[in-house]
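>>> the sequence and its predicted three-dimensional model are supplied below.
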Amino acid sequence: MSVDERPLVLFGEIRPCALVVDDEIATGDLFARVLRDAGIDVIVARDGKRALEILQHELIHLVVLDRHMNGLDGVEVIERLRSEPSTVHLPVILVTGDTDLTDRVYGLEHGADDYLTKPVELDELVARARAQLRRRSPDDGIRQFVESANDAFVSWDTLGTITEWTTHAEALFGWSRTEAIGRPFGKTVLAPQHRIVHALRMERLLHDDARPLLGTWFELAGLRKDLREIPIEMTVWMVSNQEHHTFNAFVRDLAKRSEIEDALRERARLRTVVDGVNDVIVLTDLVGAIVYTSRSAQTVLGYEPDELYGHMFDEFVHSEDQRIFTRSSERAVETASAVVKAQRVRTRDGRFIWMEVTTAVVRDALSNDVTGLEIVSRDITTSKLADAARKRATGDLTRMIKDLRAAVGREHQTVEQLRERDRNKSDLVATVSHELRTPLTSISAYTELLADPSVGPLSGQQRSMLEVVHRNTDRLLMMIENLLTIGGIESGAFDVELRPLELLPIVRAAADALLPSAREQNVAFSFDLSNETGPVLGDAPQLDRVLLNLLSNAVKFNFEGGSVAVSSRRLGPDVEVVIADTGIGIPIDEQDKLFAPFFRSTVATERGVPGSGLGLIIVKNVIERHGGVITVQSTLGEGTTARFTLPSADTRRGN
Amino acid sequence: MQSILIVDDDADVRDIVAFKLGRLGYEVITAPDGATGLEAATQLRPDLIVLDWAMPNLTGLEVCRQIRDGSVHADTPVIFLTARSRECDIRIAFDAGVDDYIVKPFSPNELANRVATVLADKAHSCA
């Protein structure tokens, strides 16, 4: 391939474009067809004014300009082009209508680069056009073009060395063109956290499968000569000429845009917040290399940013946790959601600390492409240790609670069984009580009604017979009562409620109840219940029962004209009550049987004294339920003395 | 003539009480269970009710409570005549609003005395 036939490549696939300006339609179309056949794009303008408009909007590499036109003529157009910076070097071939030398000189002097005379030789047109396009190097063309843009333009080669640097770039980054050219692009222009991503993008551009990036703007932090970071956005494309590749970029200063400024201020504020927190925030690029770390990386982990940049994050993860990290990253990408896992991260001094690591993908704001990972790590060493301790403790506690529950359950079961038994017993007592009373009620009531004189007259014999029925009915009733009382006491149906009580009223009430039978036998009561003993702790109805029982015995088994003395005295923490009678007494060999069920002394049976043989058992039970003791001393023919103790209500007096 | 309602599931007891009180000049009505007793008390409005506790259909305690909760004749005197002799039972009965409490087996004479006393108290408090 000869030099002339070499295809001109300026912007990758972009072909050179010529603007043909002629007010003769036929001539313009002819020129256009010929140039297109030669591989040059052509735009045709019918007059000078239109040509200038087109030059403002289109990328034109060459102008073929008719000298004589209505309106703006060729020379005027050239003057306008040369006065504009963007078109000052634009190649112009002036086409004159005659061979007038002065005209040609005039044109060249006014800025035309070449000329053709009409009638134009078409091969010559193509040759001169190509010559003009070649004369301007592609770089010159681009520079000329890019200088006209508002954006900075920078080019670099495959080694990353800067090859082009426009005046806008000088203003933006602070490096002069001379200083910039030959320096490495990434290190000169980009903040550290973006350098690796940038290098990767360039790598992608070099590959065939890479999609063109021209028009895709990346927001980055740029680096000025004074090392100040500036927000920039950049679009990059690659120009390939044979084996020679050049990267070109337009760079915009984001700080110039006020709305973006606000956003950046907000971002700066956030950065301050981010730097203030103890969470370590790390951004990686697509391959996992760290491109950014928050200041907390230093305070929490001890690393300087430069020690982290470019390293893979998992280099700092404990070998046992690397799988977790890798899977978290994969899941974050797959599910597009944040994944939180506890992992051990190595500090600069080689320790590992437990961190709660949140992994999420970072996307480009415009393209929505995944650009890397955001890894936020929080020190949870303390809570991890606490967790372990808590878990152990909780485990122990859980076991203990379980054991306790089981024990309590068993206790409950036992208690419930006992209660059930008691309830049954108590219910049985109530039931038996009711069932036995019902027939007795009829017997007892009818016995009384029969004896009523209004029913009919009874003979003396009948009357005495009815009295026996009546007496035995009473006795049967008493026995039933006592039996039920014993059953009730034993089953707990009769609970003893201890309250402070004065003894005297209880003793007096019992004595009063027995007064009729005492009078019958001419037995006298005497009381020596000193107030000195103070109140006792007792259950009034139960103590009633005790005193009635003991006093009635003392009356029943007494001699005509005998006496019953009731006294009390203090005995340590207790109060002792003594009931002494001057009665018949109990034979010695019977005394140890006094508290046996249904035991009746021969003294009682021989004399026909009514009784159930259960009274003393009940008395003993009740006294013992009060925490007291009962003893009976007796001498046959002299009398019997019963003593029992009750707890004193006034413990201050106790010894 | 004052009327007395006797409610008891034991026919013997009904007979005994009816005999005794009838001879004393009271008009005696009997009912064999709680529900019938309550019905009779509402319909016939006796001057006094002698109530057993443990009965089919409705217990004497419940009959007493319903009479006391009723708007009409809520103050009709009630005497319990029951085999239940435990203190707690007696307390419950008085809490339910009975006027007197007699434990079986009972003396018909004593019952008659108590009936007369309760009626006299009632007449006195109304006067």
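The structure has been received and is ready for your questions.
>>> now residue A:81: closest residue in space that isn't a chain neighbour?
Closest residue in space to residue A:81, ignoring its immediate chain neighbours: residue A:87 at 4.3 Å, by C-beta to C-beta, 6 or more residues apart in numbering or on different chains. C-betas here are computed from N, CA, C, even on glycine.
>>> distance-wise, check that neighbour relative to chain B.
According to C-beta to the nearest C-beta, to the nearest Å, residue A:87 stands 113 Å off from chain B.
>>> ok, the closest residue to residue A:615 other than its chain neighbours to chain B distance?
Closest residue in space to residue A:615, ignoring its immediate chain neighbours: residue A:549 at 4.5 Å, by C-beta to C-beta, 6+ apart. Going from residue A:549 to chain B by C-beta to the nearest C-beta gives 17 Å.
>>> show me what contacts residue A:549?
Residue A:549 sits next to A:615-616, A:618-619 when contact means C-beta atoms under 8 Å, 6 or more residues apart in numbering or on different chains.
>>> surely residue A:528 is in a helix?
No. Residue A:528: not assigned to a helix; according to DSSP: H, G, I helix; E, B strand; the rest coil it is strand.
>>> in space, what's closest to it - neighbours in sequence excluded?
Excluding the flanking residues, the one nearest residue A:528 by C-beta to C-beta, 6+ apart is residue A:567, at 3.9 Å.
>>> helix or strand for that neighbour, just tell me which one.
Using DSSP states H and E, residue A:567 falls within strand A:563-571.
>>> which phi and psi does the residue nearest to residue A:81 have?
phi -120, psi 10 (degrees, to the nearest 10).
>>> got it, and residue A:52?
Note on residue A:52: backbone dihedrals following degrees, to the nearest 10 are phi -60, psi -40.
>>> so what's the residue count around it?
Residues near residue A:52, counting by other C-beta atoms under 10 Å in any protein chain shown, number 19.
>>> do the one 10 residues further on as well
By the criterion of other C-beta under 10 Å, residue A:62 has 26 neighbours.
>>> assess the claim that it and residue A:20 are in contact.
No. Residue A:62 lies out of contact with residue A:20 (C-beta atoms under 8 Å); the separation is 9.3 Å.
>>> now the strand holding residue A:567: average pLDDT?
Taken as a whole, strand A:563-571 has a mean pLDDT of 89.
>>> give the partner strands of that strand in its sheet and their orientations.
strand A:524-529 (parallel), strand A:574-581 (antiparallel) (DSSP bridges).
>>> ok, which of those comes nearest residue B:122?
Closest approach to residue B:122 among those is made by strand A:524-529 (39.0 Å; C-beta to C-beta).
>>> buried stuff in that closest one?
Going by neighbour count (16 or more other C-beta atoms under 10 Å in any protein chain shown), the buried part of strand A:524-529 is A:525, A:529.
>>> related to what we said a few turns ago, can you pick out the most distant pair from the contacts of residue A:549?
Using C-beta to C-beta, the pair of those lying farthest apart is A:616 and A:618, separated by 7.2 Å.
>>> so after the helix or strand of chain A with the lowest mean pLDDT, what's the next helix or strand?
Least confident helix or strand, chain A: helix A:138-148 with a mean of 51, by mean pLDDT, DSSP states H and E. Proceeding N to C from helix A:138-148, the next assigned helix or strand is strand A:152-157, under DSSP H and E.
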